[in-house]
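Student: Provided below are the primary sequence and the corresponding predicted coordinates.
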Amino acid sequence: MKKLIAIVVALSLMVLILPLISSAANPKSLLWGTSAKLSSANSTVGNIPDIEPDGRGGAIFVWEETNATIGAGARIQRVDKNGVNKWGQNGKLVSASATVPIVKPDLKGNFIVIAKTSGDDFILQKYSIAGTPLWGAGTTVSASSEDYWPRAVADGKGGLIFTWSSGSAGSKELYANAVNTNGNIRYANKVIANATDDQYSPEICTDGSSGAYISWVDERRGSNYRDLYMQRVSYHLNPYWQTNGIAAVTAKEASNTPSFHIAIDKHKKIYLRWSELNTDAKYYVYAQRFNPGNGNRVWTNDTQISQALDATGLYRDGLTPQVSGFMTFYNNISAGSSNILGGQINAAGSLVFSEGTAGKNITSSISAANKYLLYNVCDEVNKTLLSWNQTNDASYDLVVQRVDSSGNLAWGASGVTIATGLSGYTNDGGQNNSSNIIADGYGSLLAIFFRNGGTASNGLYVQKVGNNDTSKPILKGINIKNRQTFRRGFLMKVKAYDKQSGIYRVDYYLDKNLYKTMYKNLKATLSPSRVKKGRRTLKVIVWNAAGVGKSLYRTIYIR
């Protein structure tokens, strides 16, 4: 009998351990045998290509290209989940005179491109999923000379809010524009900040209510002091906080340009993460949370994410929002080598996972001397997708990884290599910094990179890591009949499952208003004291771990 029990226990342990061994030994691989090619042969690609998921397992790409055969300008392309170019071999030309294009979803199934013209104006165009331009010849936004750093965010109503810096050194000011769903300018050239000296390098994110948060570098104390300022604007571009913004970070040392990023979490809390040079001649990475109503700091002290660093690079990586708080990663550059460290910070400002105060080393198992972080993005299910360059003699490799909310590596200790032998290596992205990544919304990652071989093989390429399952979760029903009447608090039970990635979240709506959200729990109680009497429409949305939802409706009566 004891022997039988021992065998059962051993088999049980094997059932638990084998999936862990299998996962570590067999990380995700490349889905497409041959990377999809975006640009034409012998093209020169400028600036950083931008990328957004198409909602169907593929992505929308925009980039700046110069080619002797097809000419120059900003181009856009859709690549489907199988790596097929959907809008012709060379994509569609946005404008022959346009540069530095960016793309944003309008949250209605279409995509808006904004690019700078040779005359220092901005041109905007909206494309359908089929690649049809929806705004005729495009919308031109007239701006002043020497415009820089366009940044944009969807307003949730089919339009866009975007910001930029305008003017020459010593007189740069920050502006914002708003365009509606039809391409008409709602508000033009609204001043965000025009204090003394320069305001530049804006970042923008949604406020979750059709408005936006904007942060920027500010030299109003003098050109030697580069502080960080922030502002919140409404859908109508009216400021919530004091004129010219609030001082979010006051630089401790002169001539230090901080790297910074802003983001909101799933509960619309706003965070700022930055790096700066301290008085001990070392670099540190910090974070702070701000009050949406008045811009005041929420945490008594800034959260120190890193230990003292000889140098650090935040480059183009950002914050990855969680249910509450965020995850963030940075470079630790010292003694001629670089590793990537990171951690999670909750809404109270506490480090959730780290190695002491240094952050968790994500690349400690990789032998390459230098790993330079490029991006980290959220895959919508409390996991972060990373990309970095790692040196390989005179060339570099592009590598990606997935990290969960506990700091565990999902794709093996070394990550997944997207491309090898890439030339033009620098510590912030390679030839023209031409790489980028995005989550496809179904649990996979899409990466774009530039290969410069000096031959017909050079150009922009796209590769995918993960799976091609774009199916929705199966929602079998709830324990509530249509037109059922309730007199007291009632318990709803949802029957749902998802074979691919599991159930992640359930949202309960009453008359289009979000009433309750449950994570990994299919039961919820509604109390009549919080629900108006009468006829109500109940909507239940079940989300799988890939961020795909399935809805069910009921008409109920509360008496």
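Tutor: That came through fine. Remember, it's a predicted structure, so these values are computed and weren't measured experimentally. Residues are numbered from 1 along each chain as shown.

Student: Confidence-wise, which helix or strand of the protein is lowest on average?
Tutor: Sorting the helices and strands of the chain by mean pLDDT, DSSP states H and E puts helix 2-25 at the bottom, at a mean of 34.

Student: For I418, give me its contacts.
Tutor: By Cβ atoms under 8 Å, 6 or more residues apart in numbering, the contact set of I418 is 30, 387, 397-400, 447, 449, 463, 465. (Each C-beta comes from the backbone N, C-alpha and C, glycine too.)

Student: do that again at 6 Å, thanks
Tutor: Contacts for I418 (Cβ atoms under 6 Å, 6 or more residues apart in numbering) come out as 398, 400, 447, 463.

Student: Put together JSON lines for the residues you listed, with neighbour count, secondary structure and pLDDT on each row.
Tutor: Output for those, formatted as JSON lines (neighbours: other Cβ atoms under 10 Å; DSSP: H, G, I helix; E, B strand; the rest coil; pLDDT from 0 to 100):
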{"residue": "L398", "neighbour count": "26", "secondary structure": "strand", "pLDDT": "88"}
{"residue": "V400", "neighbour count": "24", "secondary structure": "strand", "pLDDT": "90"}
{"residue": "A447", "neighbour count": "27", "secondary structure": "strand", "pLDDT": "90"}
{"residue": "Q463", "neighbour count": "24", "secondary structure": "strand", "pLDDT": "92"}
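
Student: Identify the residue nearest N180 in space, chain neighbours excluded?
Tutor: G159 (4.4 Å; Cβ to Cβ, 6 or more residues apart in numbering).

Student: so I270 sits right up against I264, yeah?
Tutor: Yes: in this structure, I270 is within contact of I264 by Cβ atoms under 6 Å, at 5.2 Å.

Student: more crowded one of those two?
Tutor: Using other Cβ atoms under 10 Å as the criterion, I270 and I264 rank with I270 on top: 22 against 18.

Student: count of neighbours near N278?
Tutor: N278: 14 surrounding residues under other Cβ under 10 Å.

Student: Pull up the gap between T303 and L351, please.
Tutor: As judged by Cβ to Cβ, to the nearest Å, T303 and L351 stand 7 Å apart.

Student: just I438 next, same as before
Tutor: 27 Å.

Student: go on, D280?
Tutor: For D280, the distance to L351 (Cβ to Cβ) stands at 21 Å.

Student: out of these two, which sits in the busier spot?
Tutor: Legend: neighbour count by other Cβ under 10 Å for D280 and L351, higher for L351 (19 against 10).

Student: Would you confirm that that one contacts G342?
Tutor: No: L351 is beyond contact range of G342, at 10.4 Å (criterion: Cβ under 6 Å).

Student: any idea of the pLDDT on the closest residue in space to Y225 that isn't next to it in sequence?
Tutor: Distance criterion Cβ to Cβ, 6+ apart; nearest residue to Y225, sequence neighbours excluded, is A251 at 5.2 Å. With respect to pLDDT, A251 scores 84.

Student: how many neighbours does I340 have?
Tutor: Under the criterion other Cβ under 10 Å, the count of neighbours that I340 has is 28.
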